[in-house]
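Fold the following, please.
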Amino acid sequence: MKTQAQYSDEELIQKILHQETALFELIIRRNNQSLYRIGKMYHFSHEDTQDLMQETYIKAYTHLNQFQNRSSLKTWLSKIMVHECYRKSQKWAFKNVESLEKNPSLFAKLGSTETSNKVMNTELNTVIEKSLLHIPEDYRTVFLLREINGLNVLETAEILDITESNVKTRLSRAKSFLRKEIEKTYNKEEIFEFNLIYCDAMVERVMQKIVSQ
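All right, here's what the predicted structure looks like:
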């Protein structure tokens, strides 16, 4: 017999839709880290990011019956979170993405993939985060979704409503920009971490909202 942690996302969704609401906690725990990174990527504070995460989870729960499994649950949640960030910042519309060719001379060709391979000292994490936040939003978004949250090219293109070619171009330029900011390599999993203490609190916040509906 499977434990709760062994359920696939699809199995969890079906059980939740059949009134096993408590299992939504597993969806929250599985996705807290990636959603938190998205919020921080858009310069939101820790508190604002948590609010955006809560809104994302509530919307996902409310519309869970509309999830058609055409993409992964992580992709679907990420798209909702990105939309919430755009809505809050009032800087973005999915159908009005600026051309990547606007400033082509700004970015040099990436010579290696050294920016995402090895562990960096903890003391450098703040430097890394600040460097990422200096990258133009279009490039930073793709870098985070691909290199930090581990989504593939197709999933990233779906979330941002851009072509797969644009995803590859933006990722290359984001890495090039980072190479100018950071001389050492780093562990991508260490940046924008959402610690366990916050994870538990987020679960409690969202589940209380769901139960009260």
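
lowest confidence element among the helices and strands of this protein?
Every helix and strand in the chain was compared by mean pLDDT, DSSP states H and E; the lowest is helix 125-133, with a mean of 72.

Tell me the helix or strand right after that one.
Counting by DSSP states H and E, the next helix or strand C-terminal to helix 125-133 is helix 137-143.

Can you spell out which helices and strands pack onto that next one?
helix 125-133, helix 153-160, helix 164-181 (3 or more C-beta pairs under 8 Å, 6 or more residues apart in numbering; DSSP states H and E). In this view, the C-beta of every residue, glycine as well, is placed from N, C-alpha and C.

Enumerate the positions of the last one that are buried.
By neighbour count with 16 or more other C-beta atoms under 10 Å, helix 164-181 contains the buried residues 166-167, 169-179.

how many degrees apart are it and helix 153-160 in direction?
Here the directions of helix 164-181 and helix 153-160 differ by 90 degrees (axes from the mean of the first three to the mean of the last three C-alpha atoms, to 10 degrees).

average pLDDT for the helix or strand that helix 164-181 is followed by?
Next along the chain after helix 164-181, taking DSSP H and E as the criterion, comes helix 196-212. Average pLDDT, helix 196-212: 84.

Next, the buried residues of helix 196-212.
Buried positions in helix 196-212, judged by neighbour count with 16+ other C-beta under 10 Å: 198, 202-203, 205-207, 210.

Output the helices and strands packed on helix 137-143 as JSON lines; include the columns distance to Y36.
Supplementary listing: those in JSON lines, determined by distance: least, C-beta to C-beta, whole Å:
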{"stretch": "helix 125-133", "distance to Y36": "12"}
{"stretch": "helix 153-160", "distance to Y36": "16"}
{"stretch": "helix 164-181", "distance to Y36": "19"}
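
rewinding a little: and the furthest pair within the buried residues of helix 196-212?
Greatest spatial distance among the buried residues of helix 196-212 (C-beta to C-beta): Y198 and I210, at 18.5 Å.

export the buried residues of helix 196-212 to a markdown table and tack on distance to Q66?
Rendered in a markdown table, the data for the buried residues of helix 196-212 read as follows (distance: C-beta to C-beta, whole Å):
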| residue | distance to Q66 |
| --- | --- |
| Y198 | 28 |
| M202 | 23 |
| V203 | 23 |
| R205 | 23 |
| V206 | 18 |
| M207 | 21 |
| I210 | 16 |
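
ok, the residues you listed vs E55, which is closest?
Looking at the buried residues of helix 196-212 and their distance to E55, the nearest is V206, at 9.6 Å (C-beta to C-beta).

so what's that closest one closest to, chain neighbours aside?
Across the structure, with C-beta to C-beta, 6 or more residues apart in numbering as the measure, the residue nearest V206 apart from its sequence neighbours is Y57 (4.5 Å).

now the host helix or strand of that neighbour against helix 196-212, angle please.
Counting by DSSP H and E, the element that carries Y57 is helix 46-62. For helix 46-62 against helix 196-212, the angle between stretch directions is 40 degrees (the same axes, to 10 degrees).
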